[in-house]
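Engineer: Sharing a sequence plus its predicted fold:
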Amino acid sequence: MSRIWAGIDSGKGYHHGLAVDAEGRTLLSRRVANDEPELLQLIGDVLALADDGQVTWAIDMTGGEPALLLCLLINHGQEVLYLPGRLVNRASDGYRGEGKTDARDAYVIADQARMRRDLRPIRPGDEAAIELRLLTGRRADLVEDRTRAVNRLRGTLLSMFPALERALDLTNTGPLMLLTEYQTPAAIRRVGVTRLTKWLANRKVRNARALAEAAVQAAQRQHTAIPGEKTIARLVHTMAAGVMALNEQITEMDKLIEGRFREHELAGIVESVPGIGVVLGAEFLAAIGGSLDDFASPDALAAFAGVAPAPKDSGKVHGNLHRVSYHRGLQRVFYTSALVSIRWDPNSRAFYDRKRSEGKKHVQAVLALARRRVNVLWALIRDQRCYQVTPPVIETA
């Protein structure tokens, strides 16, 4: 039999696998448990359908639920393509029937892999890149948890002590330390500036005097106790301690990320680019799988990073641009690093100012700089050299 395409609609406990031939006819359709014996049986049965063993697999996720299946496919030397779920949903509208089933989705995935030539292959990343992806993913989760916790803390404190909520920056350790002991206006007035300063200083809080004065001034502006004040105060204490615990976890995660990042062969090159530190550098290596082997040119990398929008014209409407399918984390790396580099790198500043003088808005100029930096970083990795503010002179024979 000729070439076969197999689509996998992945799930938590079960996957649905479906194989089609060159004409799009279904050869096999099966729901399998997310366990190694069942997955190996599916792989074997699909390979048995192809006389020459040429099978192209396609899947709608690159990690998480189908991680075991992907590992088995790669270990068996199979070609695996990635079809994002968004594309699957859009393509489904072009197929007969309006119902949605796992089998239907698996057929769409297999058929799209059969017809399309623009799908990215899934290749095994190096061990360091995989670890960095796990660590940076965990750090992102912790940062999101901290943001939610700080917002809840602000809302709770605002309901009891608005003046103190305005006076404190709850993203800093000092104000959080203060709230673990003193929450109400009466308690802060009672302790006073001198004793509060000493209490904060003993806990190594920076600018203890200024923080104590701000807290006491806020307490002087409120002499009314809100109903339920004691309960709110206990909640504020617990929430502040929770935010501090999250800060400690993020700090510990940063140490793990830095240690693993420094061990990567490209760490020095990536970190030499202005605006890219340990965390952004680790996120970059995790996103590209540890190397640029999947990107034949900087244009391919820019498209994957979402900093090379494609035209979206229709009729009399021209000049509209939009991003197609891109990696949001990688876009964040290039945009954030470009924004930071404007302050510290003269080359980046000059490029940004030139774009602004051409009439581009701030965000447009930063995106243009981010696109430019894709070229720079791609060339640095290709040439295996670090960034220099003044480009090296290349001697010609």
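Structural biologist: In hand now; what should we look at? Only a predicted model underlies this, so the values are computations on that prediction, with no experimental measurement involved. Numbering: from 1, shown residues only.
Engineer: Figure out the length between the terminal residues of stretch 291-301.
Structural biologist: Start-to-end span of stretch 291-301 (C-alpha to C-alpha, to the nearest Å) is 11 Å.
Engineer: what mean pLDDT would you report for that stretch?
Structural biologist: Here stretch 291-301 scores 88 as its mean pLDDT.
Engineer: who's in contact with that stretch?
Structural biologist: Identification of contacts with stretch 291-301 by C-beta atoms under 8 Å, 6 or more residues apart in numbering yields 120-121, 123, 126, 129, 266, 288, 304, 308, 374-375, 378-379, 381-382. C-beta coordinates here come from the backbone N, C-alpha and C atoms, glycine included.
Engineer: quick one: buried residues of it?
Structural biologist: Applying a neighbour-count criterion of 16 or more other C-beta atoms under 10 Å, the buried positions in stretch 291-301 are 291-292, 295, 298, 300-301.
Engineer: if we can go back for a sec, just flag the most distant two among the contacts of stretch 291-301.
Structural biologist: Put simply, by C-beta to C-beta the two of the contacts of stretch 291-301 set farthest apart are 126 and 308, 25.9 Å from each other.
Engineer: The two: who's more crowded?
Structural biologist: Between residue 126 and residue 308, residue 308 has the larger neighbour count (other C-beta atoms under 10 Å), namely 20 against 14.
Engineer: Residue 302 is in contact with that one, correct?
Structural biologist: Yes. The pair residue 308 / residue 302 is scored as a contact, 3.9 Å apart, by C-beta atoms under 8 Å.
Engineer: hey, what's in contact with both of the two?
Structural biologist: 371, 374.
Engineer: Can you show me the strands along the stretch 51-200 of the chain?
Structural biologist: Taking DSSP state E, counting those that start in this stretch as the test, the strands found in the stretch 51-200 of the chain are 55-59, 79-82, 120-121.
Engineer: Name the strands paired with the last one and say parallel or antiparallel.
Structural biologist: Meaning strand 120-121. strand 79-82 (antiparallel) (DSSP bridges).
Engineer: Run through who's touching the partner strand.
Structural biologist: Counting by C-beta under 8 Å, 6+ apart, the neighbours of strand 79-82 from elsewhere in the structure are 55-60, 62, 70, 73-74, 113, 119-122.
Engineer: Determine which two of those are furthest apart.
Structural biologist: Greatest spacing in these, by C-beta to C-beta: 55 and 62 (18.8 Å).
Engineer: Which one's more surrounded, those two?
Structural biologist: Looking at residue 55 and residue 62 with other C-beta under 10 Å, you find the greater number of neighbours at residue 55, namely 20 against 15.
Engineer: got the contact list for the residue nearest to that one when sequence neighbours are not counted?
Structural biologist: Using C-beta to C-beta, 6 or more residues apart in numbering and skipping residues adjacent in sequence, the residue nearest residue 55 is residue 4, 4.8 Å away. Under the criterion of C-beta under 8 Å, 6+ apart, the contact partners of residue 4 comprise 19-21, 27, 46, 49-50, 54-56.
Engineer: Of those, which count as buried by neighbour count?
Structural biologist: For those, a burial check counting by 16+ other C-beta under 10 Å picks out 19-21, 27, 46, 50, 55-56.
Engineer: Make a markdown table out of those residues and add secondary structure and pLDDT.
Structural biologist: Supplementary listing: the buried ones among the contacts of residue 4 in a markdown table, determined by DSSP: H, G, I helix; E, B strand; the rest coil; pLDDT from 0 to 100:
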| residue | secondary structure | pLDDT |
| --- | --- | --- |
| 19 | strand | 94 |
| 20 | strand | 94 |
| 21 | coil | 91 |
| 27 | strand | 93 |
| 46 | helix | 93 |
| 50 | coil | 83 |
| 55 | strand | 92 |
| 56 | strand | 93 |
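Engineer: Just say helix, strand or coil for residue 388.
Structural biologist: Following DSSP: H, G, I helix; E, B strand; the rest coil, the label given to residue 388 is coil.
Engineer: Ramachandran coordinates for it?
Structural biologist: Main-chain dihedrals, residue 388, degrees, to the nearest 10: phi -130, psi 140.
Engineer: separation between it and residue 36?
Structural biologist: The gap separating residue 388 from residue 36 is 50 Å, by C-beta to C-beta, to the nearest Å.
Engineer: same check, this time on residue 180
Structural biologist: Taken as C-beta to C-beta, the spacing of residue 180 relative to residue 36 amounts to 48 Å.
Engineer: Just want to know which of those two has more residues nearby.
Structural biologist: Between residue 180 and residue 36, counted using other C-beta under 10 Å, the more crowded position is residue 180 (16 against 12).
Engineer: For residue 192, see how far away the more buried one is.
Structural biologist: With distances taken as C-beta to C-beta, residue 180 is found 18 Å from residue 192.
Engineer: what does residue 134 give?
Structural biologist: Applying C-beta to C-beta to residue 134 and residue 192 gives a distance of 49 Å.
Engineer: Need the CA coordinates for stretch 346-358. CSV is fine.
Structural biologist: This file holds the C-alpha atoms of stretch 346-358, laid out as CSV (Å, rounded to 0.1, in the frame of the first residue of the first chain):
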residue,chain,number,x,y,z
PRO,A,346,22.7,52.4,21.2
ASN,A,347,22.1,50.4,18.1
SER,A,348,18.6,49.4,19.3
ARG,A,349,17.9,53.0,20.3
ALA,A,350,19.0,54.4,16.9
PHE,A,351,16.8,51.8,15.1
TYR,A,352,13.8,52.7,17.3
ASP,A,353,14.3,56.4,16.9
ARG,A,354,14.5,56.0,13.1
LYS,A,355,11.2,54.1,13.0
ARG,A,356,9.6,56.7,15.1
SER,A,357,10.8,59.4,12.8
GLU,A,358,9.2,57.5,9.9
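Engineer: Since that was my last question, I'll sign off now.
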